[in-house]
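> Here is the input, now give the coordinates:
(chains A, B, C and D)
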2 protein chains.
Amino acid sequence: MNIGQAARASGVSAKMIRYYERVGLLSPAGRTRAGYRVFSDDDVHALRFVRRARDLGFPVADIVQLLSLWRDRDRESGKVKELARAHLTELRAKMQELQAMAATLERLVTSCDGDERPSCPIIDELADDA
Amino acid sequence: MNIGQAARASGVSAKMIRYYERVGLLSPAGRTRAGYRVFSDDDVHALRFVRRARDLGFPVADIVQLLSLWRDRDRESGKVKELARAHLTELRAKMQELQAMAATLERLVTSCDGDERPSCPIIDELADDA
DNA sequence: GCTTGACCTTGCCATTGTGGGAACCTTCAG
DNA sequence: CTGAAGGTTCCCACAATGGCAAGGTCAAGC
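The predicted structure follows:
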């Protein structure tokens, strides 16, 4: 099948399939004589794998590892778990950053009257000379 | 003062000061005859404002608005509050995305033995044929 | 006055993953 | 044969930040 069909079958856009190939996440697809990429069912399977990993927020670099572990019949599940755990730690760190911002912002939003008058604790805190 | 001093005084890197000027967040700084940018205390004050807003995760486009509201003696605090509230909504949305990923990932990590054997629910779920 | 080091200038490259569009070629159906 | 749909590559853009390189400037010390 060609790239459009593979895209529809996998849920990965044609654009991204080309990108993944370019950055080495996927090995170069075969080509017809005219230069069209050709995909097998296995390729589509791999694309779905990639999409699911992306949906979990794994960066492309991690997915390279995950794909290789997936294909390794002798993998140690410990390695997969380590990757996942490290990523989970990343996610939690980002969540905490956002959480901290949100907490401050919430406090400010709550304390601001938000009417037609200029007095505004939000602006005041941003402009704080301290 | 020159850009390095302004950077140290504001906590915004020289690189970012130039960037903010280039993208129109800050009006172009004055220059010495030699072409060095010159900053006033007011400029530094604005830079600190920008840094605090960035620390709260406001995108540059929002900060353009916030700066203009800060300078507007007749601002309506309602407009500030609206900006802040919209950003807070964004933050919460991102947190929820991350939260969903983290929840799935946590379930998977917990269910994986993570030893030297290949069996791995994490890989299984990513590769799921369903 | 000259050298040296610190600091300034601009400009380009990289990041991360995704989309948009142009210019051009291929395939297939009518 | 022609036209539509879809493939190809390449460039651009996003957001915000850092790094590096080549070159100009300034101030201090000799």
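
> Can you name the residues that contact A:Lys65?
No, residue A:65 isn't Lys; it's Gln. By Cβ atoms under 8 Å, 6 or more residues apart in numbering or on different chains, the contact set of A:Gln65 is A:79, A:83. Backbone N, C-alpha and C define where each C-beta goes, glycine included.

> any chance you could map the helices in chain A?
Using DSSP state H, the helices of chain A run over A:3-10, A:14-22, A:41-55, A:60-71, A:77-111, A:121-127.

> got the residues of chain A near DNA strand D?
A:2-5, A:14, A:18, A:35-37 (Cβ under 7 Å from any atom of the strand).

> about what we covered before: hey, which of the helices of chain A is tucked in deepest?
The highest mean neighbour count among these, using mean count of other Cβ atoms under 10 Å in any protein chain shown, belongs to helix A:121-127: a mean of 20.

> So which elements touch that one?
In this structure, helix A:121-127 makes packing contacts with helix A:77-111, helix B:41-55, helix B:60-71, helix B:77-111, judged by 3 or more Cβ pairs under 8 Å, 6 or more residues apart in numbering or on different chains; DSSP states H and E.

> returning to that earlier point: what's the closest of the helices of chain A to B:Ala29?
helix A:121-127 (19.5 Å; Cβ to Cβ).

> What residue spans form the domains of chain A?
Listed by automatic domain parsing, the domain ranges of chain A are A:1-75, A:77-130.

> Columns distance to B:Asp74 on top of these, output as a markdown table?
Listed next are the domains of chain A as a markdown table, based on distance: least, Cβ to Cβ, whole Å:
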| stretch | distance to B:Asp74 |
| --- | --- |
| domain A:1-75 | 44 |
| domain A:77-130 | 6 |
